[in-house]
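**Q** turn this into a model:
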Amino acid sequence: MKDAIVQEIFSMLDSKALSPVKGGKSDIAVDCELLDAKMGSGEKKIKYEDSVLVNEGEKTVFLYEKTTEKSKGFSFGASGESSFQSGKTLFRHVKGTMVGTNGAVINYDFDLGDIPKSIKAIAEKNGFKFKTVIRRKSAEF
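**A** From the prediction side, this is the model:
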């Protein structure tokens, strides 16, 4: 059962181009840069990390997530972010537009809330509970 859940979660993360990796300290880990944009004299980076642990004994899927955003310099543009909380899970949607001094445009739109929502659906479909954790160690062996 565990292997099937791990594979289903892995395939879902892979379909979102998040480059998941099996093994290590968790069943699945993601460490990817969603955005690395430089416009004019400004830049913006968005990095996403997660760890997924499927615990057969507790029949629970544990998820640790971290998003890091860095902006520096000056650029013209607009960005927006929305979030809502459901229990302990924060569902975020990050989108924006950067316009360089030369008129070049970069649009970005990431529905980060879809990741835990999809993992929760996979867990529940297989009769497991889903729990987000605030410490990475809680989603590791």
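
**Q** quick one, helices of the protein?
**A** Ranges of helices in the chain, per DSSP state H, are 2-15, 114-125.

**Q** which elements pack onto the last one?
**A** Applying 3 or more C-beta pairs under 8 Å, 6 or more residues apart in numbering; DSSP states H and E, one finds that helix 114-125 contacts helix 2-15, strand 60-74, strand 89-99, strand 129-133. Any C-beta I mention is one placed from the backbone N, CA and C, and that applies to glycine too.

**Q** what about the closest residue to Lys16 other than its chain neighbours, neighbour count?
**A** Leaving aside its sequence neighbours, Lys16 sits nearest to Ile115 (C-beta to C-beta, 6 or more residues apart in numbering; 7.2 Å). Neighbours of Ile115 under the rule other C-beta atoms under 10 Å: 23.

**Q** number the chain from 10, please
**A** In the new numbering, first residue 10, that becomes Ile124.

**Q** by mean pLDDT, flag the weakest helix or strand of the protein.
**A** Ranked by mean pLDDT, DSSP states H and E, the weakest helix or strand in the chain is strand 85-95, scoring a mean of 49.

**Q** how about JSON lines for the helices and strands packed on helix 123-134, with mean pLDDT added?
**A** Shown next, in JSON lines, are the helices and strands packed on helix 123-134 (pLDDT from 0 to 100):
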{"stretch": "helix 11-24", "mean pLDDT": "97"}
{"stretch": "strand 69-83", "mean pLDDT": "86"}
{"stretch": "strand 98-108", "mean pLDDT": "73"}
{"stretch": "strand 138-142", "mean pLDDT": "95"}
